[in-house]
Structure formats: C-alpha cells, structure tokens
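J.: Just the structure for this:
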Amino acid sequence: MLLILAALLATSACTQLSARPLVEMTVVDRDRGDWLPQYRHRGDTWIAGMPGHRYAVRLTNTTGRRVLVVLSVDGINAVTGQTASASQGGYVLDPWETTEINGWRKSLDDVAQFVFTDLGDSYAARTGRPRNVGVIGIAVFEEARPRYVPYPSPAPINRDNGYSRAEEKAAAPAVAESRAAGVARQSIGTGHGEREWSPVGETDFERASRSPAQVAEVRYDEERRLAALGILPRPYWRQRDEAPRAFPSGFVADPPGWH
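T.: Residues are numbered from 1 along each chain as shown. From the prediction side, this is the model:
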C-alpha cells in the first residue's frame, strides 16, 4: 500500500460507473478481532460500534489496476485532517490489494488509532466539525493510462459492500430523510486514539477523471440506538420488565409453601 499526500493532476474524461465496486470497504473491530456486519435501512448502510473499541477500515481493490482511495471518517480526510473532499489525497492500492487503515495519518510512519468514543470526545467534535460524525466513506479513482498489463482476475468476489454513484443517486431521497432525522441523536463518533506504527510510502498517481468512479459510505452508531431506530432487531430479553412475556423464565418454579 502506498500513500499519496496531495491531489494530483486530473483529466476531464468521464469514468463509466460499474455495478461492481472497484473497492470493497468493511469495518473491523480490532478488539473483537472480527468485521462488523452491515445492515441496510432506508437507503443507508449501518454498522454497530462498541464505545471504547478500536477499529480499522479494510479496503480491497477488486481490479487488476491501481486505484486511489480518498478515505473520509466523520467528514474528515483520514490522511490530511482537512474537511473531506474527493479532490484530496488518499491511499493508492495495488491490483487486488487488501489493506487495513488503523487510524488518522500522523506521518509516513504512524497513525492515531480509530476508536469508537462518545460524540463529544470525537476528533471531529473536538476540532469544531461535528456535523458529519457517524459516517465512514470512500471516493475511488481509477488511474489514467496505466503503463502495465492488468493482472489476471482472481476468483469472483461475492460480497458487495460498496455501491455505485447511480445506486446512491437512486437512494438519495431516503438517505437525506434518514440523515436529517438522525443528526441530533448520534451518540458516538471516532476518537483520536493512541499512536501506533503504520509505515507507508509516497507515489505518483494521475486520476483518469475529475469525478470519482465509485462513492460508498457506511453509517455507524451504538447498538442500542440502532435497535431503537429499528435497524437492529430488539432482543426479546431486553423487553421492559413490566411488559407481559410468553417466556419469563427458563423453568417451572416451585409454588409457595412447597417442601
């Protein structure tokens, strides 16, 4: 994996969108050691974050060519710290490469860990930019005039965690409505955690177009809030104690006075 630190020259050519994502994005809970399942709800994709847990963004290049991925966390570029824009720099993935981004880029040698935390303690809120807390997104660019022959394709990838801009546009009304309803109730964000070793290099990358070939995002919040919104099923054992239940306990209790 190589790092590009500045927005480079882009041509005016348009890139054709594909139904298959150029880059698959998943989120990994580093303390649990497993990826977080995704849930579709009213045009959005959601994951449930655990406060205090570190996480990583796993990116998989599904093509035989290099791609540039601009990574946004809570509306902030994870490399530059600027309010995120697709025109900024990001990570360059080699053909078929999978990598995990563990935190905010502090230098070519280290990052500050991504960690789920209270909204007020998030990096975005602490830097005065809380508006887009709760969203992780990528903008993907193809490379202009590759100087090598594309690698042969590996076995097909069945899981599709990204979606094209065409799909995003079709879902826009529902997405906008969902976001408007949820901004004030967001409970967690991404903190600026401990520094850790995460070396990268620099490379040149010429974008094939001014606009990204793929835009994908995933929203996150605590499990309890996702359950309250109907995104996650409410476990039956979390019902209110006073509510009648068909199965209040596991076994038949002895009657009063039984010896």
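J.: What about residue 34, how many residues nearby?
T.: Neighbour count of residue 34, defined by other C-beta atoms under 10 Å: 9. (C-beta placed from N, C-alpha, C; glycine too.)
J.: Who does the closest residue to it other than its chain neighbours form a beta bridge with?
T.: Distances taken as C-beta to C-beta, 6 or more residues apart in numbering put residue 28 closest to residue 34, at 7.1 Å, once the chain neighbours are dropped. Taking DSSP bridges as the rule, residue 28 bridges to residue 35, residue 56.
J.: Pretty sure residue 28 sits against residue 59.
T.: No. At 10.9 Å, residue 28 does not count as touching residue 59 under the criterion of C-beta atoms under 8 Å.
J.: So for those two, which residue has more residues nearby?
T.: Taking neighbours as other C-beta under 10 Å, residue 28 and residue 59 compare with residue 59 leading, 24 against 18.
J.: and that one, what is it in contact with?
T.: Residue 59 sits next to 23-25, 69, 71, 91, 93, 98-101, 138 when contact means C-beta atoms under 8 Å, 6 or more residues apart in numbering.
J.: Rebuild those residues as TSV, extending it with secondary structure.
T.: Conversion of those to TSV gives the following (DSSP: H, G, I helix; E, B strand; the rest coil):
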residue	secondary structure
23	strand
24	strand
25	strand
69	strand
71	strand
91	strand
93	strand
98	strand
99	strand
100	strand
101	strand
138	strand
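J.: So among the residues you listed, which ones count as buried?
T.: The neighbour count (16 or more other C-beta atoms under 10 Å) marks 23-25, 69, 71, 91, 93, 99, 101, 138 as buried among the contacts of residue 59.
J.: pretty sure residue 58 belongs to a strand, no?
T.: Yes. The assignment for residue 58 by three-state DSSP puts it in a strand.
J.: neighbours of it, just the number please.
T.: There are 16 residues near residue 58, going by other C-beta under 10 Å.
J.: That one against residue 102, yeah?
T.: No. Assessed by C-beta under 8 Å, residue 58 is found out of contact with residue 102, at 10.1 Å.
J.: mind listing the strands for the stretch 1-150 of the chain?
T.: Residue ranges of the strands in the stretch 1-150 of the chain, as given by DSSP state E, counting those that start in this stretch, are 2-3, 23-29, 34-35, 39-41, 44-49, 54-61, 67-73, 76-77, 91-93, 98-101, 103-105, 110-118, 135-142.
J.: how near is the nearest residue to residue 40 once chain neighbours are set aside to residue 130?
T.: Using C-beta to C-beta, 6+ apart and skipping the chain neighbours, the partner closest in space to residue 40 is residue 46 (7.7 Å). Here the criterion is C-beta to C-beta, to the nearest Å. By it, residue 46 lies 19 Å from residue 130.
J.: Run through who's touching the helix or strand encompassing residue 192.
T.: Using DSSP states H and E, residue 192 sits within strand 188-197. Outside strand 188-197, the residues that touch it by C-beta under 8 Å, 6+ apart are 49, 51, 54-55, 73-74, 102-104, 106, 109-119, 121-126, 130, 133-134, 136, 220-222.
J.: Report the strands that pair with that strand, each with its relative direction.
T.: Here strand 188-197 has these sheet partners by DSSP bridges: strand 110-118 (antiparallel).
J.: Let me see the mean pLDDT of the strand it pairs with.
T.: The pLDDT scores in strand 110-118 average 98.
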